[in-house]
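Trainee: the following comprises the amino acid sequence and a computationally predicted model.
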Amino acid sequence: MNLTNEINQKIQQIIKNLKQDQFNDGSWRYCFENGPTTDANMIILLRLLDYDDENLIKKLVARLLQQQQNNGAWKLYDDEKGNLSATIEAYTALLFSGHLNKDDPSMKLSEQFIVKNGGLEKSHISTKCLLAITNLYPWPKLFPIPLSIMNIPKFLTFNFFHFSSYVQAHFLPILILGHDKFVVTNKWTPDLQHLFLSQKKYKALKKKKRWFNLFKKILPTYKDSTRLKAEQHIYNCIEKDGTLYSYSSSTFFMIYALLSLGYKKSSPIIKNAIGGIRSFLYEKGDVFHIQNSPSTVWDTALISYSLQESGLTIKDPAIQLASNFLMELQHKHSNKGWGFSESNSINPDVDDTQAALRALSNFTCSHSKFRIAWNSGVNWLLTMQNNDGGWGAFNKNSPSYIKWLFPIQSFEDTAIDPSAADITGRTLEFLGNHLNLTMQHPRVMNSVKWLIKNQTNDGSWYGRWGISYIYGTWAAITGLKAVGVSSDHQTIQKAKEWLLNIRQPDGGWGESCQSDLHREYIPLPYSTLVQTCWAVDALISISEFPTKEITEGIIRILEWQNTETSRISYPTGAGLPGHFYIYYHSYQYVWPLVTLSHYLKKYN
């Protein structure tokens, strides 16, 4: 069988699989797999609130034990020896569950890993917050960001509302908790004294516990104007499913913050929040996982687009169903974009909006309702362009100096939402290939200039929301090419040379999540399916004829697409450097389908 026939056969196989997996409402609901943190947090929450869901706890315990490594650790990606914070959270959750105790052999291994790697004191700030809430780690005497930041006028650029929306969702509950130094304990609360390397920290914890118990009994819960303002902002960001901005992670902290504000465990708002998190449960085959934010909109948009790239028309029932589903989830307020999850109706983002718009593009010529929605979405997308010419994810013109104001771990990675090469490149690709805009348009020209200016010395671009330099470089190359930048342009040639230089001996491409943490390209010891697709797709976009590297890459994609190995399951989505990575279960279909289809379109 020749290569063209093999490609056609693989395309038809992927199309068949995708159609079988489509839900009746037109959506695709593949797993958004994000490591052990959400599963661990769910166990702890259910125990602390005495929530009767023992079956869920048992399954989450089994899930955590299944993911534990031989050295006792939990890790976020394959080439990591172990992640200290993830291990602490999983270990703590297993103790909270009551199904294991610290003397069990597997727990002893975890204890050894934690102590060897610095103990509780070396964990990530979000882990320390969780432990402080559960009275297993002391709150700092002075919280790094005061709750009074809520009172800074909005016209001042360092006010709370200039933080990225991600930070607003996660930090506001933490600000309340840190301000109150809130703790909650019950019969399930374990003792983690053996995980402290400094007994000074442990003694401080015990001292605070005695004073807290005294004041808790004699002082009523009060709400000053600042706390009321914080409470109201939380209210404004709660989705219909009860979650805060459609994130499990922020909703966990919100529930504890509401308890700190005086709400009862039985309050409807808390019950709804728990129900919202529970609705994020993915259960299929051997996967049982609390997703941080189900990728329903993202998956549906990308899959619909990929199917159309493969040749399906708007008359195909699968495309019609998907388009109607996406239409219903366009945000109804003034910001006519799309969010990441089905429940997201408050917080649209640029990447999901361009993905939804490209999936709907072919409907605009024959359906007025789609044209109206599409036009309003495009207008919102254009208004989100930053003054520097690029696009960020959620916010426009985030002031960069905010990240230096507060000495908090990971703050600079999340506090602001600057222009990103991956989002800028993908938006440019949409504007070029779906609106036929070129560099003659001033917005496009400004964006091209931003990408050229922000290319690294080695020719790559850093991708904020994918792993990492391969992702950013693919997005930048395809975006620049779509709006008319010549393949011979020195920027493109430099990027091409970089891609060819990092090709793996097996003929594919593979990049470690460590690149995201260290901000430099770090290869994997093997290639991944998705990153190979990105690299090959980028090369196809700038190559008039199929090169040896493209052909070998296509062969590898055909070979790996159906394998059950780390080539597929390695996380290629990024959330928080060093702390949060995503294995998108949809990607093993989306990106091979896109890349194989582009190969056939261009060379056959």
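Mentor: Sure, I can see it. Residues are numbered from 1 along each chain as shown.
Trainee: isn't Pro153 up against Asn159?
Mentor: Yes. Under the criterion of C-beta atoms under 8 Å, Pro153 makes contact with Asn159 at 6.4 Å. From N, CA and C alone the C-beta is placed, and that goes for glycine too.
Trainee: more neighbours, these two?
Mentor: Taking neighbours as other C-beta atoms under 10 Å, Pro153 and Asn159 compare with Asn159 leading, 15 against 6.
Trainee: what does that one show for phi and psi?
Mentor: Note on Asn159: its backbone torsions stand at phi -80, psi 170 [degrees, to the nearest 10].
Trainee: quick one: the strands in the stretch 251-400 of the chain, in order.
Mentor: All strands of the stretch 251-400 of the chain, identified by DSSP state E, counting those that start in this stretch, fall at 281-284, 287-290.
Trainee: what's the local residue count around Trp188?
Mentor: Neighbours of Trp188 (other C-beta under 10 Å): 16.
Trainee: residue contacts, it?
Mentor: 47-48, 96, 98 (C-beta atoms under 8 Å, 6 or more residues apart in numbering).
Trainee: tell me the pLDDT at it?
Mentor: On the pLDDT scale, Trp188 is placed at 98.
Trainee: sec struct for it, please.
Mentor: coil (DSSP: H, G, I helix; E, B strand; the rest coil).
Trainee: still on that earlier bit, pick the most buried one from the strands of the stretch 251-400 of the chain.
Mentor: strand 287-290 (a mean of 19; mean count of other C-beta atoms under 10 Å).
Trainee: so what touches it?
Mentor: 31, 33-34, 38-39, 41-42, 59-60, 62-63, 248, 277-278, 280-283.
Trainee: from the residues you listed, list the buried ones, please.
Mentor: 31, 33-34, 38-39, 41-42, 59-60, 63, 248, 277-278, 280-282 (16 or more other C-beta atoms under 10 Å).
Trainee: of all these, which comes closest to Asn135?
Mentor: Asn135 lies nearest to Asn41 out of the buried ones among the contacts of strand 287-290, by C-beta to C-beta, at 15.9 Å.
Trainee: same question for stretch 592-604, mean pLDDT?
Mentor: 97.
Trainee: how about Thr353: what's its closest non-neighbour residue?
Mentor: Using C-beta to C-beta, 6 or more residues apart in numbering and skipping the chain neighbours, the partner closest in space to Thr353 is Gly337 (3.9 Å).
Trainee: show me the contacts of strand 287-290 that map onto helices.
Mentor: 38-39, 41-42, 59-60, 62-63, 248, 277-278 (DSSP state H).
Trainee: between those residues, which is closest to Pro348?
Mentor: Nearest to Pro348 among these, with distances taken as C-beta to C-beta, is Ser248, at 19.4 Å.
Trainee: returning to that earlier point: quick one, which of the strands of the stretch 251-400 of the chain is nearest to Gln199?
Mentor: strand 287-290 (34.5 Å).
Trainee: point out where the stretch 401-550 of the chain drops to low pLDDT.
Mentor: In the prediction, the stretch 401-550 of the chain carries residues with pLDDT under 70 at positions 401-412.
Trainee: cutoff 80 now
Mentor: 401-415 (pLDDT under 80).
Trainee: setting aside sequence neighbours, what's the nearest residue to His489?
Mentor: Closest to His489 by C-beta to C-beta, 6+ apart is Leu480, at 7.5 Å.
Trainee: tell me the first helix or strand C-terminal of the lowest-mean-pLDDT helix or strand in the chain.
Mentor: Ranked by mean pLDDT, DSSP states H and E, the helix or strand of the chain with the weakest confidence is helix 199-218, at a mean of 54. Downstream of helix 199-218, the first helix or strand assigned by DSSP states H and E is helix 225-236.
Trainee: so which bits of that following helix are buried?
Mentor: 226-227, 229-231, 234.
Trainee: just checking, what packs against that helix?
Mentor: helix 165-180, helix 248-260 (3 or more C-beta pairs under 8 Å, 6 or more residues apart in numbering; DSSP states H and E).
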